[in-house]
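J.: what shape does this take:
(one chain, ligands or ions: 1)
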Amino acid sequence: MIDAHLHLDQYDLNKLEFHIDMWQSHGIEGVVAVATNLQSSYKTLEIKLKYPTFVRAAIGHHPEAPPSTSKDLAELLNLIKKEKNHLSGIGEIGLPTYQKGSLYEVYGQEPFCEQLEACLEIAKSVDLPVALHAVHNESERVLLLLKKHKIKQAHFHWLKASNKIVQDIISCGYYISVTPEVCYRERDQRLVKMIPIDQLLIETDGPWKHGDLFQHQDTTPLFLKDIVDSLSNILSISTVNINEILLANTKRLYK
Ligand SMILES: [Zn+2]
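T.: Alright, predicted model coming up:
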């Protein structure tokens, strides 16, 4: 199993070696570690170099935060060019949803679109997939930008979108991931049934905390086993087969 989206740089780095050993002993083959800003991108790259086989690194600037300064954005784009051989993706990038009101009030919408489009262009030029935060109404706007920039490889992480947009994302050949929410939330269970299995990925978005049966637990890639068990029930496919397919999907997208 590979966790297709988590924030490894937000875990206690002093205990990371212990955790990775433990995760590996429980069948976790690796993670796709995404970054949230320039500093987090450097940190994620550093972790990647320390654990090169376990970590697939993606760097970028998270949209639910003030936009990158033009100096930081230029530095990020340069870092991507320079380190492209150590990278498996560009992310986490996208457009704000949850903080949209306050962020657009202060900065306007333009810098967020500019930042995203710059990242899409560089992703295309270095031939890497994009790890997207694009949910609810913003999923449609981001999808339009992917089409505008002729992006071929994209991953909509923890997607929440209308059936129409989900279908459109699928027909573009993009990937969609589900989180531990699929174990207890009907919305995500319905979504899974719409996604062709070879475009499906699983993730925890750790260390983000989840609810229901995961309440009061620290989020780790060990939750992937519960996700696979749920997928097996929803799709009536054995866990062995699901694991094989998901692993192949993740490796196909994030090389
Ligand atoms: Zn995330």
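J.: what is the burial count for the closest residue to Q215 other than its chain neighbours?
T.: Distance criterion CB to CB, 6 or more residues apart in numbering; nearest residue to Q215, sequence neighbours excluded, is K209 at 7.9 Å. The way it works is simple: take the backbone N, C-alpha and C, and place the C-beta from them, glycine included. Per other CB atoms under 10 Å, the neighbour tally for K209 reads 13.
J.: give me the sheet partners of the longest strand seen in the chain and which way each runs.
T.: For the chain, the strand with the greatest residue count under DSSP state E is strand 87-94. Strand 87-94 pairs in its sheet with strand 55-59 (parallel), strand 130-133 (parallel), by DSSP bridges.
J.: what about the residue nearest to Q215, distance to L79?
T.: From K209 across to L79, the span is 30 Å (CB to CB, to the nearest Å).
J.: next: G89.
T.: The spacing between G89 and L79, counted by CB to CB, is 14 Å.
J.: looking at these two, which is more packed in?
T.: G89 (27 against 17).
J.: quick one: contacts for that one?
T.: Neighbour list for G89: 32, 34, 56-58, 123, 128-131, 155, 253-254 [criterion: CB atoms under 8 Å, 6 or more residues apart in numbering].
J.: ok, which of the strands paired with strand 87-94 comes nearest the ion?
T.: strand 130-133 (6.3 Å; CB to the ion).
J.: residue of the stretch 51-200 of the chain nearest the ion, please.
T.: Nearest residue of the stretch 51-200 of the chain to the ion: E92, at 4.9 Å (CB to the ion).
J.: where does the stretch 1-150 of the chain come near the ion, residue by residue?
T.: E92 (CB under 5 Å from the ion).
J.: residue ranges for the helices of the stretch 1-150 of the chain, please.
T.: Using DSSP state H, counting those that start in this stretch, the helices found in the stretch 1-150 of the chain span residues 16-25, 38-50, 70-83, 100-107, 110-126, 137-148.
J.: can I get those helices in JSON lines with mean pLDDT?
T.: Compiled in JSON lines, the helices of the stretch 1-150 of the chain are given as follows (pLDDT from 0 to 100):
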{"stretch": "helix 16-25", "mean pLDDT": "98"}
{"stretch": "helix 38-50", "mean pLDDT": "98"}
{"stretch": "helix 70-83", "mean pLDDT": "98"}
{"stretch": "helix 100-107", "mean pLDDT": "97"}
{"stretch": "helix 110-126", "mean pLDDT": "98"}
{"stretch": "helix 137-148", "mean pLDDT": "98"}
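J.: mind putting these in JSON lines, distance to I195 included?
T.: As requested, the helices of the stretch 1-150 of the chain are arranged in JSON lines below (distance: least, CB to CB, whole Å):
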{"stretch": "helix 16-25", "distance to I195": "25"}
{"stretch": "helix 38-50", "distance to I195": "27"}
{"stretch": "helix 70-83", "distance to I195": "28"}
{"stretch": "helix 100-107", "distance to I195": "26"}
{"stretch": "helix 110-126", "distance to I195": "22"}
{"stretch": "helix 137-148", "distance to I195": "14"}
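J.: and T179, which of these is closest to it?
T.: Closest approach to T179 among the helices of the stretch 1-150 of the chain (CB to CB): helix 137-148, 15.5 Å.
J.: in this structure I80 contacts G91, no?
T.: No: using CB atoms under 8 Å as the test, I80 is too far from G91 to be in contact (10.9 Å).
J.: give me the common contacts of those two.
T.: I59.
J.: the two - which one has more neighbours?
T.: Neighbour comparison, I80 and G91: the larger count goes to G91, with 30 against 21 (by other CB under 10 Å).
J.: show me where the stretch 101-250 of the chain has its strands.
T.: 130-133, 154-156, 175-178, 200-202 (DSSP state E, counting those that start in this stretch).
J.: could you dump those to JSON lines with distance to Q39 and mean pLDDT?
T.: Formatted as JSON lines, those follow (distance: least, CB to CB, whole Å; pLDDT from 0 to 100):
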{"stretch": "strand 130-133", "distance to Q39": "18", "mean pLDDT": "98"}
{"stretch": "strand 154-156", "distance to Q39": "23", "mean pLDDT": "98"}
{"stretch": "strand 175-178", "distance to Q39": "25", "mean pLDDT": "98"}
{"stretch": "strand 200-202", "distance to Q39": "26", "mean pLDDT": "98"}
